[in-house]
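Enquirer: build me a structure from this.
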Amino acid sequence: MRNMMETLDNHAERIGSGPYCDLALNIKTLSDSIGDHENDLKRTFAMEVVMERPCCVKAPSLHKFTNDRTFMECLVREKATRLQNYENHCASILGYAWKIEFVNALLHYDGPDSLRDVRIGVHNLFISRAGFLPQIVARLNSLGITPSMLCPFDVGNDPLEGDDGEGPAAVDDLYYEPRFLRWILEKGELEPWPVLGVGEQPEYISKLIIVANSEGGDDAKVNQPCQCNKCMGVRIPTIDEFHTSLTPSECGSDAAEEMVF
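Expert: Sure, this is the predicted structure:
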């Protein structure tokens, strides 16, 4: 294409300004389309790699994609769709294992200066609306990351030395997964849902409870995709979750509850 443009420039006077501009525009359009095609190929390749080998998710060439909301949403949807080709039992086991491996690879802690990446990773997992809460909590606990480390400003603490505290805040995560409130307030999964108190309850706790309640509260269906035929929000099957959705679909109907074995 560079040779074409050079040839075109060399004959610009004989061609005339009108045809010259038309030809130059066509060459530019062709060049742009090749660039777009290359980006699409890289994106597709990244998705294939992560679906088959989640441990590669932190590779420099893939990192930029996992920070992209659209990529994450498409990734979990495609993985879920492919798992539909297996029998329920096998699909559930494969989906369960993939979610654990994906979360463990994405959330990597090397010290306070890496907490920002952890915050971004947690948020992107919630944005994907694929019910990653159990895997996220297990991973954070195994890494020794506490609420005061992950979201210091939201729980009335200062960031660790070496951490600027930047990145998605607790309220950003609660918007997509309100049940994350239990971990933020250092409560167990089976403990009663936090309620607004009076008197000595810190203001930050009240704020977090209000936000979580406004986004659905203690409902396991909040972070699941819509299951209707129109929305096609097929979820990744696992052995410990319900096949349900709280989010209204565009067609105004929700899927019925169904246990995935």
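Enquirer: how about the contacts made by the closest residue to Glu215 other than its chain neighbours?
Expert: Using Cβ to Cβ, 6 or more residues apart in numbering and skipping the chain neighbours, the partner closest in space to Glu215 is Pro178 (4.5 Å). C-beta coordinates here come from the backbone N, C-alpha and C atoms, glycine included. Neighbour list for Pro178: 211-213, 215-219, 222 [criterion: Cβ atoms under 8 Å, 6 or more residues apart in numbering].
Enquirer: can you do 7 Å?
Expert: Contact analysis of Pro178 by Cβ atoms under 7 Å, 6 or more residues apart in numbering lists 212, 215-217, 222.
Enquirer: cool, Glu191 as well?
Expert: Contacts of Glu191 (Cβ under 7 Å, 6+ apart): Arg182.
Enquirer: confirm it sits in a helix?
Expert: No - using DSSP: H, G, I helix; E, B strand; the rest coil, the secondary structure at Glu191 is coil, not a helix.
Enquirer: now do the end-to-end distance for stretch 61-73.
Expert: 19 Å (Cα to Cα, to the nearest Å).
Enquirer: actually stretch 140-153, not the one I typed
Expert: The first-to-last residue distance of stretch 140-153 comes to 18 Å (Cα to Cα).
Enquirer: next one: that stretch to chain centre, how far?
Expert: 19 Å (Cα atoms, centre = their mean, to the nearest Å).
Enquirer: give me the residues contacting it.
Expert: 109, 115, 118-119, 155, 157-160, 165, 169-170, 183-184, 186.
Enquirer: repeat that with 8 Å
Expert: 107, 109, 112, 115, 118-119, 122, 154-155, 157-160, 163, 165, 169-170, 173, 183-186.
Enquirer: with stretch 101-112 instead?
Expert: By Cβ under 8 Å, 6+ apart, stretch 101-112 touches 50, 54-58, 66, 114-115, 117-118, 121-122, 124-125, 132, 135-136, 138-140, 143-145, 149, 159-163.
Enquirer: hmm, back to that, of the contacts of Pro178, buried ones?
Expert: 212, 215-216, 222 (16 or more other Cβ atoms under 10 Å).
Enquirer: now render these as JSON lines, adding secondary structure and pLDDT.
Expert: Below are those laid out as JSON lines (DSSP: H, G, I helix; E, B strand; the rest coil; pLDDT from 0 to 100):
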{"residue": "Ala212", "secondary structure": "helix", "pLDDT": "94"}
{"residue": "Glu215", "secondary structure": "coil", "pLDDT": "92"}
{"residue": "Gly216", "secondary structure": "coil", "pLDDT": "92"}
{"residue": "Val222", "secondary structure": "coil", "pLDDT": "84"}
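Enquirer: out of these, flag the one nearest to Gly197.
Expert: Ala212 (14.4 Å; Cβ to Cβ).
Enquirer: ok, which pair from the contacts of Pro178 is furthest apart?
Expert: Among these, Ala212 and Val222 lie farthest apart (Cβ to Cβ), at 9.7 Å.
Enquirer: what is in contact with those two at once?
Expert: What both Ala212 and Val222 touch, as defined by Cβ under 8 Å, 6+ apart, is the set 178-179.
Enquirer: flag every buried residue along whichever helix in the chain runs longest.
Expert: Identified as the longest helix of the chain according to DSSP state H is helix 17-52. Buried residues in helix 17-52, counting neighbours by 16+ other Cβ under 10 Å, are found at 20, 23-24, 43, 46-47, 49-51.
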